[in-house]
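S.K.: From the sequence below, what's the structure:
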Amino acid sequence: MPRRIAPERREQLNTRDELERLISQDVEQMQGLVQQAQNVLPGRPISGFLDYHQVKEDSDSDASNIVTSIAEFYLDKNIIEEIDYVKQKSTVDRITVSNLLFQMKTAEHAIIKLLEEIDNGNTHPRTFEVLSSLQRSKMEIVKHLAQFMVIMENNYKSLKEDYRIKKAEEPQDVDGEFTDENGSGNKIRGTRALMETIRQVVPEHRAEGNLRKDDIEEIDGQ
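M.R.: Below you'll find the predicted structure:
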């Protein structure tokens, strides 16, 4: 039977989904604004070209470091490496953070170029309009990045607690050997086998008067 999701956990998941939707919209909007900025900028050669491939690699690297540091702060490395769900979630988080960083850096580049054009005398109203839109979109991405960081922290913190509960609910096998007073050995495997062995021995000891009343009641209560 699937475990019921707590209201706080459900609210976190809904917030994350809404944030991811907003991020997707902002990324598309930012790409359109960057294209508009390129159209506004003159076709003459401009110094300081941005190496977009290098920016993408840097964004991937920064995102990997961010997500790894958060995950390892709350989870042991063996959990991150062995549990497939945690690995897949970390991969998705890296992609999201990388996209946010890349869009933020490219927006900064476009803003700088527009400011340079304005300083060089390009005071067309459209230039200021695109510049203002880029600045607003960049601040939205910064805000979403900060929010997504908080969501990631809460998610990995919840994963740590979920993993602890899952391990506690798993049956623990206890292997060993039980020897009564007569020297006969009974090999046991698992907690249930241990309790069955104890119940078989109890009547004999009860008849011999070797068990206290409290001990009998405690074992029968199992």
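S.K.: Name the residues that touch stretch 60-78?
M.R.: 80, 86, 90, 93-98, 101, 149, 152-153, 156-157, 159-160, 163 (Cβ atoms under 8 Å, 6 or more residues apart in numbering). Where C-beta positions appear, they are placed from N, C-alpha and C, glycine not excepted.
S.K.: how about 10 Å then?
M.R.: Counting by Cβ atoms under 10 Å, 6 or more residues apart in numbering, the neighbours of stretch 60-78 from elsewhere in the structure are 79-83, 86-87, 89-102, 105, 145, 148-149, 152-161, 163.
S.K.: Just the buried residues of those.
M.R.: 79-80, 86, 89-90, 93-94, 96-102, 105, 145, 148-149, 152, 154-156, 158-160, 163 (16 or more other Cβ atoms under 10 Å).
S.K.: Out of these, list just those in helices.
M.R.: 79-80, 86, 89-90, 93-94, 96-102, 105, 145, 148-149, 152, 154-156, 158-160, 163 (DSSP state H).
S.K.: wait, isn't Thr106 in contact with Leu50?
M.R.: Yes. Contact status for Thr106 versus Leu50: in contact at 7.1 Å, counting by Cβ atoms under 10 Å.
S.K.: Compare these two (neighbour count), which wins?
M.R.: Between Thr106 and Leu50, counting by other Cβ atoms under 10 Å, Thr106 is the more crowded of the two (21 against 14).
S.K.: how about the strands in the protein?
M.R.: With DSSP state E as the criterion, the chain has strands at 175-179, 185-189.
S.K.: where do the helices sit along this protein?
M.R.: 7-40, 52-74, 77-82, 84-119, 125-169, 191-208, 213-220.
S.K.: Which one of those helices has the poorest average confidence?
M.R.: Mean pLDDT values for the helices of the chain show the minimum at helix 213-220, a mean of 49.
S.K.: Ends of stretch 66-86, what's the gap?
M.R.: Its first and final residues considered, stretch 66-86 spans 15 Å by Cα to Cα, to the nearest Å.
S.K.: What are the buried residues along that stretch?
M.R.: Within stretch 66-86, the residues that qualify as buried are Ile66, Val67, Ile70, Ala71, Tyr74, Leu75, Ile79, Ile80, Val86, counting by 16+ other Cβ under 10 Å.
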